[in-house]
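Student: got a sequence here, can you build the structure:
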Amino acid sequence: MAIKRPIGLFQGEWFYRRDLPIYVNRAVESFDLAEHRHEFVEISYVSEGTGTHHYGRSSLPVARGDIFLIPVGQSHVFRPASASGAKPLIVYNCVFAEEAADRLLRSFPGGEPIARLLEHKEIRRYRDRYGEFHRLFQRLHYEYSSERAGRETALYIALLELLLFLFRGDAEPGPEKAAGASGGMEAALHALHTQFSRPVSVRALASLAGVGERQFHRLFRKHTGMSPTEYVQNVRINEACRLLKTTDRKIADIASAVGYHDLPFFNSLFKKITGVAPREYRKRG
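Tutor: Got it, this is the predicted structure:
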């Protein structure tokens, strides 16, 4: 006769207050935690490492970028690929009271369709293709861990963004959709944000978006209000602003790091976009 293992129930009061029913952590998974259920909803994001997610009768390998929406009452546990701890499995978790999230979404303009996410009874898996969810969770974790003014509002806004991301994951399942779909444009924008220091041709961007070059120009301006050249210039100057504020690197070095080897052109473009020269921008602190 099979022996049924006990599956514990995690209660919301162990993690969050009644007046702020949201809890966020960054966990290094191990073999110590037993499989468990909970009386709240959980969103889990695999940030580092590899391992396995056990839930119900299923076991799935997981890696960075895997997202899980875990409804009330569903049992699950994450296990690292190795018990040695050399390559830890790190998971961000956001747990929240289902009733609070439902009220929030249904009171927010356009939130009712998103609230239907909470009606799912099975664990759902998503993928963070472009790192957007990772950035959202990092911000959520920072807001939760800090005591900044407006912390409660910031947490609810970040939770709304997480749920919106998952809702769009259901509505827009992937870049394999029709040409011009938002998934393809996201791929092009991701390339611009991660490869801005190198020349990126419109032909390559159009290929990522799954459209022709002429259509790409039209769609890009529709989505961003700018041409691809204007957009990448703004991305580069924004990064230059960050480097000017956070490092002591020479201006010529920063210009080169963001893709400009002609220093006079960089200085002129920087002033055109920000209204001040790079040196003055740095002095303003």
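Student: where does pLDDT dip in the stretch 51-200 of the chain?
Tutor: 172-183 (pLDDT under 70).
Student: now with 90?
Tutor: Residue ranges of the stretch 51-200 of the chain with pLDDT under 90: 56-58, 82-87, 129-132, 135, 147, 168-196, 199-200.
Student: what's C241 sitting at in phi/psi?
Tutor: Dihedral pair for C241: phi -60, psi -40, per degrees, to the nearest 10.
Student: just list the residues touching it, thanks.
Tutor: T274, Y281 (CB atoms under 8 Å, 6 or more residues apart in numbering). Where you see a C-beta, it was placed from the backbone N, CA and C, and this is true even at glycine.
Student: Validate this expectation: D248 resides in a helix.
Tutor: No. Using DSSP: H, G, I helix; E, B strand; the rest coil, the assignment for D248 is coil, not a helix.
Student: what's around it, how many residues?
Tutor: Using other CB atoms under 10 Å as the criterion, D248 is surrounded by 8 other residues.
Student: got the buried residues for stretch 269-285?
Tutor: L269, F270, I273, T274, P278, Y281, R282 (16 or more other CB atoms under 10 Å).
Student: hmm, I typed the wrong one, I wanted stretch 256-263.
Tutor: Under 16+ other CB under 10 Å, the buried positions of stretch 256-263 are S256, V258, G259, Y260.
Student: next one: the helix ranked longest in the chain to chain centre, how far?
Tutor: Ranked by number of residues, the top helix in the chain under DSSP state H is helix 151-171. Helix 151-171 has its C-alpha centroid displaced from the chain centroid by 10 Å (CA atoms, centre = their mean, to the nearest Å).
Student: what are the contacting residues of the next helix or strand after it?
Tutor: As assigned by DSSP states H and E, the chain's next helix or strand after helix 151-171 is helix 182-194. Residues from elsewhere that reach helix 182-194 (CB under 8 Å, 6+ apart): 129-131, 172, 174-177, 200, 204-206, 208-211, 216, 219-220, 223-224, 228, 231-232, 235.
Student: export the buried residues of stretch 269-285 to TSV and append columns for distance to G184 and pLDDT.
Tutor: Formatted as TSV, the buried residues of stretch 269-285 follow (distance: CB to CB, whole Å; pLDDT from 0 to 100):
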residue	distance to G184	pLDDT
L269	28	96
F270	31	96
I273	27	93
T274	31	94
P278	35	96
Y281	35	94
R282	38	93
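Student: can you add distance to L60 and secondary structure and give those back as a markdown table?
Tutor: Formatted as a markdown table, the buried residues of stretch 269-285 follow (distance: CB to CB, whole Å; DSSP: H, G, I helix; E, B strand; the rest coil):
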| residue | distance to L60 | secondary structure |
| --- | --- | --- |
| L269 | 47 | helix |
| F270 | 47 | helix |
| I273 | 45 | helix |
| T274 | 47 | helix |
| P278 | 48 | helix |
| Y281 | 48 | helix |
| R282 | 48 | helix |
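Student: export those as CSV, with columns for distance to R249.
Tutor: Converted to CSV, the buried residues of stretch 269-285 look like this (distance: CB to CB, whole Å):
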residue, distance to R249
L269, 18
F270, 14
I273, 19
T274, 17
P278, 11
Y281, 13
R282, 10
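Student: closest to I123 out of those residues?
Tutor: Nearest to I123 among these, counting by CB to CB, is I273 at 45.4 Å.
Student: quick one on the thing from earlier: buried set for the longest helix of the chain?
Tutor: For helix 151-171, by 16+ other CB under 10 Å, it's 154-156, 158-167, 169.
Student: repeat that for stretch 229-241.
Tutor: Y231, V232, Q233, N234, V235, R236, I237, E239, A240, C241.
Student: and what of stretch 142-152?
Tutor: Buried residues in stretch 142-152, counting neighbours by 16+ other CB under 10 Å, are found at E143, Y144.
Student: what does it rub up against?
Tutor: With CB under 8 Å, 6+ apart as the test, stretch 142-152 has contacts from L20, I22, Y23, V24, A154, L155, A158.
Student: so which two of those are the farthest from each other?
Tutor: The distance between the two most remote of these (CB to CB) is 14.6 Å, for Y23 and A154.
Student: if I look at the most centrally placed residue in the chain, how far off is P61?
Tutor: The centroid of the chain falls nearest to F133 when counting by CA atoms, centre = their mean (1.5 Å). Noted for F133: a distance of 19 Å to P61, by CB to CB, to the nearest Å.
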